[in-house]
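S.K.: Give me a 3D structure for the following:
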Amino acid sequence: MRFQIPKFHKKELVITIHGFGRKTEHEMDPLASYLQKAGFEVWKFSYYDPENLKDTNFRSWILRCEAKLRKAVDEKRKIHLLGFSMGGVVASYLASVYPVVDLLLAAPAFYPLDFNKIQKAAVSKVISSGTPDSQSMSTEQTRAFLNVVSRYRDSILQVDCPILILHGTGDEVIQPKSSRRMFEQIENPNKYLVFLEGAHHRFLYDGAYESLAFPMIRDFFRGEIKPQSYPSQPKTKQAPLVQGQKDAAADPASQKSPETFQTNKQK
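M.R.: Sure thing, here's the model as predicted:
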């Protein structure tokens, strides 16, 4: 009698890349818990130590992220990549180099024009999950952040997997037009830009928009939300809206291109 050993399939893997701030280690916790319950394995890790004032070499930050990607590739994992804020820029670079299934960017910091807001956010839990009395990031750490953005921002233009960008219209740190500006430069036709009406920068973990954003992230990683393909110079037309939601065209922040739509938080 022959016994057949059952094959165990590895879960699909989501690798998360956190943002910039003093206490970033827990900002992905709510989403990770949700995705794990949905059947994914989630890798969270810190790629810099905010408490170590000497850990300011941005290249070392990138190398630590690459080590995680190489480990997943060596294990022949099916990789979904997610980056938040500065982590969105880092994740874009990683997706341009390593084989990933898809890329999701939450409030990516492509054009952080007002850095004073970013510093305040790092203290008040907008970017990190630290307490309001946390110390701000050092000048050297801030410089490393700016180096990451300036050197790796355009990596998104080399990404060939499906891309979904989520950004809140109420983002008080990175303006929504930052994502639109970069989105319009991306030639990859498999791209999607979604504005969450009223959502702030920390919508992944502030509790207010998780019920809307998390299912969308899950479905994108399941392949159930497909970025729409458009020609390189699409004709102007009415952008699609989520069924049952009011037209948001009156909102100046919601002036939509054919590749985008805006969704309101469900009440």
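
S.K.: got any ranges where this structure has weak pLDDT?
M.R.: For the chain, the stretches flagged by pLDDT under 70 are 1-8, 22-23, 113-135, 226-267.

S.K.: one more time with 90, if that's ok
M.R.: 1-10, 19-27, 46-57, 112-146, 225-267 (pLDDT under 90).

S.K.: how about the helices in it?
M.R.: 29-37, 58-74, 86-97, 115-123, 139-152, 176-183, 210-221 (DSSP state H).

S.K.: Tell me where the stretch 151-267 of the chain has strands.
M.R.: Taking DSSP state E, counting those that start in this stretch as the criterion, the stretch 151-267 of the chain carries its strands at 163-168, 191-197, 260-264.

S.K.: Let me know which of the ones you listed is tucked in deepest.
M.R.: Greatest average neighbour count among the strands of the stretch 151-267 of the chain goes to strand 163-168 (a mean of 26), per mean count of other CB atoms under 10 Å. C-beta: built from backbone N, CA, C; applies to glycine.

S.K.: Pull that one out as PDB, backbone CA atoms only.
M.R.: C-alpha atoms of strand 163-168 as PDB (Å, rounded to 0.1, in the frame of the first residue of the first chain):
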ATOM      1  CA  ILE A 163      -0.400  49.100  -8.900                       C
ATOM      2  CA  LEU A 164      -3.100  50.400  -6.500                       C
ATOM      3  CA  ILE A 165      -2.600  53.700  -4.800                       C
ATOM      4  CA  LEU A 166      -4.800  54.700  -1.900                       C
ATOM      5  CA  HIS A 167      -4.800  58.200  -0.600                       C
ATOM      6  CA  GLY A 168      -7.100  60.200   1.800                       C
END
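
S.K.: Name the residues that touch stretch 54-67?
M.R.: 17, 45, 47-49, 90, 93-94, 97-98, 138, 140-141, 143-145, 147-148, 151-152 (CB atoms under 8 Å, 6 or more residues apart in numbering).

S.K.: Selection in ChimeraX covering whichever of the residues you listed are buried, please.
M.R.: A single ChimeraX command suffices to select whichever of these are buried according to 16 or more other CB atoms under 10 Å:
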select :17,47,48,90,93,94,98,141,144,145,147,148,152
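
S.K.: Grab the nearest non-local neighbour of the residue most central in space within the chain.
M.R.: Centroid-nearest residue in the chain, with CA atoms, centre = their mean: residue 105, separated by 2.4 Å. Once flanking residues are discounted, residue 105 sits nearest to residue 88: 4.0 Å by CB to CB, 6 or more residues apart in numbering.

S.K.: Report the contact partners of that neighbour.
M.R.: Residue 88 neighbours (CB under 8 Å, 6+ apart): 17, 105-110.

S.K.: Of these, which belong to strands?
M.R.: If you go by DSSP state E, these have 17, 105-106 in strands.

S.K.: Return the member of those nearest to residue 166.
M.R.: Distance ranking of the ones in strands among the contacts of residue 88 against residue 166, using CB to CB, places residue 106 first at 5.1 Å.

S.K.: In contact with the closest one, which residues?
M.R.: Going by CB under 8 Å, 6+ apart, the list of residues near residue 106 reads 82-85, 88, 166-167, 203-204, 213.

S.K.: Only whichever of those residues are buried, select them in PyMOL.
M.R.: Of the contacts of residue 106, the buried ones go into a single PyMOL selection, burial set by 16+ other CB under 10 Å:
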select buried, resi 82+83+84+85+88+166+167+203+204+213
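
S.K.: I'd like to know which of the contacts of residue 106 is nearest to residue 25.
M.R.: residue 84 (12.8 Å).

S.K.: Isn't that closest one up against residue 104?
M.R.: No. When contacts are counted by CB atoms under 8 Å, residue 84 is not listed as touching residue 104 (9.4 Å).

S.K.: Please enumerate residues in contact with stretch 156-163?
M.R.: Looking at what lies outside stretch 156-163 - CB under 8 Å, 6+ apart - the contacts are 89, 92, 95-96, 100-105, 110, 182, 185-188, 190-192, 220, 226-227.
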